[in-house]
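Participant: Model the following, please.
(chains A and B)
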There are 2 protein chains.
Amino acid sequence: MTMQQTPLILSRILGRGAKLDPNEEVVTLLENGTHRQTLKTTWERANRVAGALKAHGIKEGDRVASFMWSNYRHLELYQGVPSMGAVLHTLNIRLSPADLEYIINHAEDRVIFADEDLLPLLEPLKGKIPTVELIVICRYGENGESTFTDVIDYEDFIKDQPSSFDWPELDENAPMGLCYTSGTTGKPKGVMYTHRSTYLHTMAQAMTDSVSLSALDALCGIVPMFHAMGWGMPFTASMLGCKQVYPHKYMSPDKLLQLIVDEEVTISAGVPTIWQGIKAILEAEGESKYDMSNLSRLTCGGSAPPVSMMRWYWETYGVEMVQGWGMTETNPLGTLSRKVAKRSHIRLTEDQQFENIAKAGLLIPGLDIEIVDEEWNPVPHDGESVGELLIRGPWIAAEYYNDPQPDKFHNGWLVTGDVAKIDQEEYLIIADRSKDLIKSGGEWISSVDLENHIIALEGVLQAAVVAQPHPKWDERPVALVILVEGSNVTRELILEHCASIFARWQLPDDVIFVESIPLTTTGKIDKKTIRADLDETNYQLPDMRTA
Amino acid sequence: MTMQQTPLILSRILGRGAKLDPNEEVVTLLENGTHRQTLKTTWERANRVAGALKAHGIKEGDRVASFMWSNYRHLELYQGVPSMGAVLHTLNIRLSPADLEYIINHAEDRVIFADEDLLPLLEPLKGKIPTVELIVICRYGENGESTFTDVIDYEDFIKDQPSSFDWPELDENAPMGLCYTSGTTGKPKGVMYTHRSTYLHTMAQAMTDSVSLSALDALCGIVPMFHAMGWGMPFTASMLGCKQVYPHKYMSPDKLLQLIVDEEVTISAGVPTIWQGIKAILEAEGESKYDMSNLSRLTCGGSAPPVSMMRWYWETYGVEMVQGWGMTETNPLGTLSRKVAKRSHIRLTEDQQFENIAKAGLLIPGLDIEIVDEEWNPVPHDGESVGELLIRGPWIAAEYYNDPQPDKFHNGWLVTGDVAKIDQEEYLIIADRSKDLIKSGGEWISSVDLENHIIALEGVLQAAVVAQPHPKWDERPVALVILVEGSNVTRELILEHCASIFARWQLPDDVIFVESIPLTTTGKIDKKTIRADLDETNYQLPDMRTA
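Facilitator: This next block holds a predicted model:
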């Protein structure tokens, strides 16, 4: 080989920030104030936790689970577990006991690191997860008891270990992280990230044309560390030496807002509902009450944010909301939409720029996307033609962990399950999840398009559109709507508003006002549950405003 | 494999810019005005040239040479030759006929693409380069004749080829580019870049904490495309979709300055002497005569730029001069110094920030550096201890092409030949090329430190410090100085200026005023030639100001 064959493994990059800017901080919100430690201490504790796991007998490829909020100890596991060659399996704390049991057994986790307040959620699993030898309890006070027999306190676990671990020279294709998708159909499916895939994803995330993360940033990771590896941001921030700020379990919008202000956060990442909640506080308490001058970017994924909100943040605070598209299977960075993404956009009007960022975005370098018809033929990139979205590249899943799902992969591409358009500028536009498209009279109606339009109406807080079976048309759209308090928006107003851009046959058959909309464990609208509830007419009766 | 094994090959990324922003331009300066074509046309022509080379019989791994300035056709070769699986060998047009002959034969080039005005430089090689079957002449007018028998015009060569080539699925470790170092000792040595190494270098160059190249940039590549692949920038710009601006053979500072202004260049790259020359024009003609408002960064490598110049660009135009360290063997990105490189630097004074950017910089993510003593033991990172600089990582050479040089590689590291310090902030500080250090009375004197200090004196244009043999002290430093026209700086003033920070025994024994300083083919000070000239006392006699 003429060039060095340095393997693309995480131990080569995750300690870089601690080396270059050792005194920069990792801040975690706690009940009374914050926990603060330096990047150097964090990396040393990551080395210690690797030493403790090795002493316990954990070997390369073994699965080590976390059942934790986003906090400094979780970050230590992000750094130490993959670097030593083990696999960090981030358990979603919002799963049902049945799903948790299935996932832990399927992954054959040997150790679970659990935050003290989450221990009760593990109790129902006692006796049902035979591969688990040890539960490491992460305490923040004197609480945290478990009836499991093999338990140890996190600090006790690591305290006798040296601050420097001799990281092994792994194969770059070795596994390093495991996330299960909260599948809305069937059993959860595991995505096993490799060192190579995460290393390359980390480099891509540090690009200017991605989210332009830099050593000058203070990152507040609101997206939980158990969702697609916290969108990869803890890895990138560790490599670059960013300040890192984590909310732990304090996820209410008021706490998050105060944390962002207090810690001079420059970039944060989370699902749109988070930013809706923070916006509501800022509007209610007065837009100048909080010093938002440090904040420059809010990255946003999981579902599409309403353009009205993106505009509001831009016009009120000069904060750029960066929409992205991805999924657990894509690590998750797939496409991103920056306000000005090409030189030819510099001269666009602000209205035109917002038209662009309403789209799911442009492809991250290194990836390919295509949209295809039912015979796998590519459909035109004209912004009109709709096809099943395929994606490929070095950080895209090639299979599910120990669970072949051949129809999710085709000829080297991941079949995303999303239905999308690509326009002439190569912007990806997500039409819908294929299972959420509404088929009415042989034509397709996009539930996402209807939702986005309804939510843009002043006085509407949230909307969900789903298919209801119909004897004549197969399916018809029905909208569930949460109103802002005191709003006097009516069913007729919403339908009239929709009729301004949708054809008559695309309008919802019904608009149902509700107090809440069921969400999945990852914070997305749970359309499976809504459809089931509609079948049982759970919605019509209790709400008096329906008619 | 749980994640896709997409190979890291250049055909996967180099066409991305043309796809996303097809109408963005590639601009080349010509005799009368500019040549302009779109990114889409450039990529299509890269596909055509690949088709033509394949039709000629070029196979994967074959060497295809370029003997060209930086222009749109050279860019087409950058995109097309590696993507088809062949190796682009960029010949340095400033080499002697003897070195050219050696290099072409050593590389076994099959085809040479040559700019018309450079053809006479190939004539002496006639009959001496038997592997070369074809010379493709790049004409810009009606000129360009050659006495070689097998020649074809570039446009004729590609004209019948389709605009889409079916890029092969190469092994990512396949070779893609070949550069010979203009070795100041011994024969030139070839560095054979691979797809993987250049792909990863390209991703690193697109990072915010690197030179933060972005799709919004207009890049003017002044560093020639035959120097370490134009510092990799044509690849990164092609991936991102930057506007690309090339000076072709018009390399005088006035032409370059006008090109930067006319084409609204945002970032440019070149050796320090280029920026000195442009600064001299701006000062002479008035700093407000040119609209410098689009320019934001000047990246600078090859040798260290004087801090006084970096300050001048920053204070006069708000232009950040980004110093980097690297070499042909490092592809070349090794370290970079941004004005504010860490969060802890935000609050530094401007003076302190300039102290930092006077250093060679911080390590690019993915690389490791170390400084070692003569027994290969690491020396402390204290900013004082000096050692031989080693570097490793996925875009660092592991060997020279068909030319083992075991003492240039040690235990997986490249031995750079530079002598350096690393400070407590992990900044690399280049003390000197090991062969340029001056050994006087058992102590080392850094020629680079003396040069940088002398050049900071107003009225000094350029300085070179070399060792002269000395009967008692082994070696003593001697300074060659070029003064600004009309300057009244004297020998005594320079020595007094040096005495302000250097010890008495470190001061040059002599200061010789000269009209020019010999440069190597890569634009660096040619100390080998200066030392030889000093031995022959070529300098002392002709200059009357010496005493």
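Participant: Just to be sure, A:Glu515 is in a strand?
Facilitator: No - in this structure, A:Glu515 is coil, not part of a strand, as judged by DSSP: H, G, I helix; E, B strand; the rest coil.
Participant: Would you mind measuring from it to B:Val27?
Facilitator: Going from A:Glu515 to B:Val27 by C-beta to C-beta, to the nearest Å gives 60 Å. All C-beta spots, glycine's among them, are computed from the backbone N, C-alpha and C.
Participant: who's more crowded, those two?
Facilitator: Taking other C-beta atoms under 10 Å in any protein chain shown, A:Glu515 and B:Val27 do not tie; B:Val27 has more neighbours (22 against 8).
Participant: check contacts around that one.
Facilitator: With contacts taken as C-beta atoms under 8 Å, 6 or more residues apart in numbering or on different chains, B:Val27 has the following neighbours: B:34-36, B:243-246, B:263.
Participant: And for A:Trp473?
Facilitator: Here A:Trp473 is in contact with A:440-441 (criterion: C-beta under 8 Å, 6+ apart).
Participant: returning to what we had before: could you tell me which of the contacts of B:Val27 belong to strands?
Facilitator: Taking DSSP state E as the definition of strands, the contacts of B:Val27 contribute B:34-36, B:243-246.
Participant: since we're on A:Glu384, how many residues are nearby?
Facilitator: By the other C-beta under 10 Å criterion, the neighbourhood of A:Glu384 contains 9 residues.
Participant: For it, which non-adjacent residue is spatially closest?
Facilitator: On the basis of C-beta to C-beta, 6 or more residues apart in numbering or on different chains, the spatially nearest residue to A:Glu384 that is not a chain neighbour turns out to be A:Lys421, at 6.7 Å.
Participant: before we move on, what SS does the one you found have?
Facilitator: Using three-state DSSP, the structure places A:Lys421 in strand.
Participant: who does it bridge with?
Facilitator: Residues found in beta-bridge contact with A:Lys421 (criterion: DSSP bridges) are A:Ile429.
Participant: how near is it to A:Ser500?
Facilitator: Spatial separation of A:Lys421 from A:Ser500 under the definition C-beta to C-beta is 21 Å.
Participant: repeat for A:Glu172
Facilitator: Counting by C-beta to C-beta, the gap between A:Glu172 and A:Ser500 amounts to 53 Å.
Participant: more neighbours, those two?
Facilitator: Set side by side, A:Glu172 and A:Ser500 give different neighbour counts by other C-beta under 10 Å, the larger being at A:Glu172 (19 against 7).
Participant: so what pLDDT did that one get?
Facilitator: Model confidence at A:Glu172, expressed as pLDDT, equals 98.
Participant: Where does it sit, in terms of helix or strand?
Facilitator: Remark: A:Glu172 resides in no helix or strand, with elements defined by DSSP states H and E.
Participant: Am I right that it is in contact with A:Leu8?
Facilitator: Yes - the pair A:Glu172 and A:Leu8 qualifies as a contact (C-beta atoms under 8 Å) at a distance of 4.4 Å.
Participant: hang on, the earlier thing: which one of the ones in strands among the contacts of B:Val27 sits closest to chain A?
Facilitator: When these are ranked by distance to chain A (C-beta to the nearest C-beta), B:Lys243 comes first, at 5.9 Å.
Participant: Summarise which helices and strands whichever helix or strand A:Ala284 is part of is packed against.
Facilitator: Element membership for A:Ala284 (DSSP H and E) is helix A:272-285. Judged by 3 or more C-beta pairs under 8 Å, 6 or more residues apart in numbering or on different chains; DSSP states H and E, helix A:272-285 is in contact with helix A:253-262, strand A:297-300, helix A:307-317, strand A:460-470.
Participant: ok so, going back, shared neighbours of A:Glu172 and A:Leu8, anything?
Facilitator: Once C-beta under 8 Å, 6+ apart is applied, the residues that A:Glu172 and A:Leu8 both contact turn out to be A:195-196, A:199.
Participant: got those as a markdown table, with neighbour count, secondary structure and distance to B:Ile482 columns?
Facilitator: As requested, the shared contacts of A:Glu172 and A:Leu8 are arranged in a markdown table below (neighbours: other C-beta atoms under 10 Å in any protein chain shown; DSSP: H, G, I helix; E, B strand; the rest coil; distance: C-beta to C-beta, whole Å):
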| residue | neighbour count | secondary structure | distance to B:Ile482 |
| --- | --- | --- | --- |
| A:His195 | 26 | helix | 52 |
| A:Arg196 | 23 | helix | 51 |
| A:Tyr199 | 29 | helix | 47 |
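Participant: Which one of those is nearest to chain B?
Facilitator: Of all the shared contacts of A:Glu172 and A:Leu8, chain B sits closest to A:Arg196, with 7.1 Å by C-beta to the nearest C-beta.
Participant: what about that closest one, distance to B:Met1?
Facilitator: The span separating A:Arg196 from B:Met1 equals 10 Å under the rule C-beta to C-beta.
Participant: before we move on, back to that, gap between the helix holding A:Ala284 and the chain center?
Facilitator: Its chain's C-alpha centre lies 19 Å from the corresponding centre of helix A:272-285 when counted by C-alpha atoms, centre = their mean, to the nearest Å.
Participant: any idea of the mean pLDDT in it?
Facilitator: Helix A:272-285 comes out at a mean pLDDT of 92.
Participant: Any idea which helix or strand in chain A has the lowest mean pLDDT?
Facilitator: In chain A, no helix or strand scores lower on mean pLDDT, DSSP states H and E than strand A:443-445, which sits at a mean of 77.
Participant: So which elements touch that strand?
Facilitator: Checked by 3+ C-beta pairs under 8 Å, 6+ apart, strand A:443-445 has strand A:438-440 packed alongside it.
Participant: Check which residues of the strand it packs on are buried.
Facilitator: With burial defined by 16 or more other C-beta atoms under 10 Å in any protein chain shown, the residues of strand A:438-440 counted as buried are A:438, A:440.
Participant: for that strand, packing partners?
Facilitator: In terms of contacts (3+ C-beta pairs under 8 Å, 6+ apart), strand A:438-440 is packed against strand A:443-445, strand A:460-470, strand A:474-483.
Participant: Please tabulate these in JSON lines and include mean neighbour count as additional columns.
Facilitator: As requested, these are arranged in JSON lines below (neighbours: other C-beta atoms under 10 Å in any protein chain shown):
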{"stretch": "strand A:443-445", "mean neighbour count": "17"}
{"stretch": "strand A:460-470", "mean neighbour count": "21"}
{"stretch": "strand A:474-483", "mean neighbour count": "22"}
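Participant: Which of the ones you listed sits closest to A:Ser268?
Facilitator: Nearest to A:Ser268 among the helices and strands packed on strand A:438-440 is strand A:460-470; the distance by C-beta to C-beta comes to 20.7 Å.
Participant: Quickly run through the sheet partners of the closest one, with directions.
Facilitator: For strand A:460-470, using DSSP bridges, the partner strands are strand A:474-483 (antiparallel).
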